[in-house]
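Participant: how would this look folded up:
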Amino acid sequence: MKKKVKSLQAQAHEEAREVNAGDEISCSWKSILGSSLLVLLLAGCSSWLLMRKTQLPARYKEAVWSSTSDRDYMTKWLVGQGTPVVLRNTPFDKWASAFWTPEILAKESNVVQVLSKKGTNNVFRYFANDQPLSQVNKFVVSKPFIEVIYPRERFFSLLNQQFNGHYYYSSGGVELLGIETLYSRKEIELLTFWTTSKQELGQVNFWFGMENVTAYTHYDTSHNLHSISYGKKRFVLFPPEAYLELKLYPCLHQFYRQTYMSVSDVLTADTIQKLNGIDITLYPGEVLYIPSYWFHCVITMETTLSVNVWSQSEAYNTMENIYSLPLPFEESWGRETLMKTLDYFWKKLATELFHTEYKTLMKQVALERYKPLLKLFTKKEKLYLFSEVRSYCRYTNVHLSGVVSKESFQHIDQHIDTLKNLFLAIPVQSIREINFGNYVEHTAFRILSSRSGDVLLLPFYFQHCYS
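Facilitator: Numbers count the residues shown, from 1 in each chain. Below you'll find the model as predicted:
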């Protein structure tokens, strides 16, 4: 019975969603008298519809999950859409989570680890504690929440209360809840995006939040199927190419995969329209497919319980292969030569992958990530640190030939060919650009981290060489 009620609740909001998505706009004409007036009205309605559609944000798709003997059919279809899709009648409907309420979980689940924030800031950030930039005190950020262990009854009681000075939010692998019969292996197999390079079962997570709890704008490297069990959530999504405007933190930072643009700016109508954003409210019985590398900011509109399945993407697996390859350099060349050779290496690889002028590309994918970090330093510190990197980016083959042999250059060029083929396996250029920027950061760090603390040179290096 509960399931039927939830389905009707979702159905009740379909008409509002269709207008928001720009799928259908109709004109009522039953009260119109006279055929000539009717023709004029319909012509005017058609003109208004054309004008209206040009002003609407990017559209998402809606679909009913197809039951088929082919396990991969729906996931392959979803990947092929290249855009978010709202789904109904999915395998999630058979899970015990489809009937969750705070009252049920207060009786059935284990104690819950909770993220808590005191005050009016309702925005929660993902926090990667051990990222390389955290080796430098200047770049360390404090954990933007406190972690508390609550008995299950206490947590779900707090979740249902009105705001009392604290925001509460909890997430993690569903195994932490101690509910053994949540789903069958066959059901999770149907929801897993199986890649050609790896066959790994999807990761299932729970997400519990009180009203107005907001997840900071970020991208995931995985395919994401998000199912609402109780309550409702607002998802504001942007395609991968929006990284140019949203401005990413460095991938070596504790706020990796998140944007510098604030949530308040992300949620404005101007930003959503300018960046081809999509604004979706998701209800019980509905599932949202979020493609890998799509940015999303998520707001709980009321007390909400949901689950999701993450599956590794081909782009993620490709980058794992790329990072596993050693750099084709020799430590004996010395720091200055290594950095100059690295610039040669990046430039030649970028020329093979992108049509953008090299310096412009490096500004977009690397400098823009590090430029805000320069504000953390005094004028005196800046003068000294810029002097440390001044000789790192003035390379020519003549400069390198005294140290780097012709055979070494040939080896470097062969390595570039290998990397080119791997990167080109990522079909979406903006996703390739994001990952190229991540690769630039990682390779620069490999060389600069040979001396303790020198990771702090990264913002100065990128500013001096590519501004």
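Participant: Could you chop the chain up by domain?
Facilitator: For the chain, automatic domain parsing gives the domain ranges 2-53, 59-312, 318-466.
Participant: where are the low-confidence patches of the stretch 1-150 of the chain?
Facilitator: For the stretch 1-150 of the chain, the stretches with pLDDT under 70 are 1-58, 69.
Participant: Now with 90, please.
Facilitator: In the predicted model of the stretch 1-150 of the chain, residues 1-60, 66-72, 107-121, 126-130, 135-136, 141-150 satisfy pLDDT under 90.
Participant: the strands in the chain, which residues?
Facilitator: Assigned by DSSP state E, the strands in the chain fall at 61-64, 85-88, 112-118, 123-124, 146-150, 166-173, 203-209, 214-218, 222-230, 233-238, 278-282, 287-290, 295-300, 304-312.
Participant: roughly how far out does the shortest one sit from the chain middle?
Facilitator: Just to be clear, that refers to strand 123-124. Strand 123-124 sits 15 Å away from the centroid of its parent chain (Cα atoms, centre = their mean, to the nearest Å).
Participant: coming back round to it: same list (the domains of the chain) but as TSV, adding mean neighbour count.
Facilitator: Every residue, glycine included, has its C-beta placed from N, CA and C. Formatted as TSV, the domains of the chain follow (neighbours: other Cβ atoms under 10 Å):
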stretch	mean neighbour count
domain 2-53	12
domain 59-312	18
domain 318-466	17
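Participant: quick revisit: using a markdown table, please lay out the strands of the chain together with distance to H355.
Facilitator: Written out in a markdown table, the entries for the strands of the chain read as follows (distance: least, Cβ to Cβ, whole Å):
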| stretch | distance to H355 |
| --- | --- |
| strand 61-64 | 30 |
| strand 85-88 | 30 |
| strand 112-118 | 43 |
| strand 123-124 | 37 |
| strand 146-150 | 46 |
| strand 166-173 | 40 |
| strand 203-209 | 36 |
| strand 214-218 | 28 |
| strand 222-230 | 28 |
| strand 233-238 | 23 |
| strand 278-282 | 27 |
| strand 287-290 | 28 |
| strand 295-300 | 23 |
| strand 304-312 | 29 |
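Participant: which stretch in those strands is the model least sure about?
Facilitator: Set side by side, the strands of the chain show their lowest mean pLDDT on strand 112-118, which sits at a mean of 80.
Participant: ok, and what's touching that strand?
Facilitator: Contact partners of strand 112-118, identified using Cβ atoms under 8 Å, 6 or more residues apart in numbering, comprise 124, 144-150, 152, 155, 165-172, 176-177, 208.
Participant: Partner strands of that strand, with direction?
Facilitator: Sheet neighbours of strand 112-118, with direction, are listed as strand 146-150 (antiparallel), strand 166-173 (antiparallel) (DSSP bridges).
Participant: neighbouring contacts of the first one?
Facilitator: Going back to what we said before, that points to strand 146-150. The contact list for strand 146-150 (Cβ under 8 Å, 6+ apart) reads 111-118, 158.
Participant: which two in the residues you listed are spaced the farthest apart?
Facilitator: V111 and K118 (21.1 Å; Cβ to Cβ).
Participant: got the phi/psi numbers for the residue nearest to the spatial centre of the chain?
Facilitator: Here the mean C-alpha position of the chain is nearest to the C-alpha of Y219 (Cα atoms, centre = their mean), at a distance of 0.6 Å. The phi and psi values for Y219, taken as degrees, to the nearest 10, are phi -120, psi 160.
Participant: Tell me who's in contact with it.
Facilitator: Taking Cβ under 8 Å, 6+ apart as the criterion, Y219 is in contact with 240, 257, 292-296, 434.
Participant: Which of the residues you listed fall within helices?
Facilitator: I434 (DSSP state H).
Participant: for the contacts of Y219, which one is nearest L373?
Facilitator: Of these, the one sitting nearest to L373 (Cβ to Cβ) turns out to be R257, at 16.6 Å.
Participant: Any idea what the closest residue to that closest one other than its chain neighbours is bridged to?
Facilitator: Taking Cβ to Cβ, 6 or more residues apart in numbering as the measure, R257 lies nearest to H218, with 4.9 Å between them; neighbours along the chain are not counted. For H218, the beta-bridge partners under DSSP bridges are Q258, H296.
Participant: In CSV, list the contacts of strand 146-150 along with distance to Q131.
Facilitator: Converted to CSV, the contacts of strand 146-150 look like this (distance: Cβ to Cβ, whole Å):
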residue, distance to Q131
V111, 29
V112, 26
Q113, 21
V114, 24
L115, 19
S116, 23
K117, 21
K118, 25
L158, 31
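Participant: Which of those sits closest to E314?
Facilitator: Proximity of the contacts of strand 146-150 to E314 (Cβ to Cβ) peaks at L115, which lies at 31.4 Å.
Participant: Tell me where the stretch 301-450 of the chain has helices.
Facilitator: Taking DSSP state H, counting those that start in this stretch, the helices of the stretch 301-450 of the chain run over residues 314-323, 335-353, 358-362, 368-370, 379-389, 397-401, 406-423, 429-448.
Participant: That'll do, ta.
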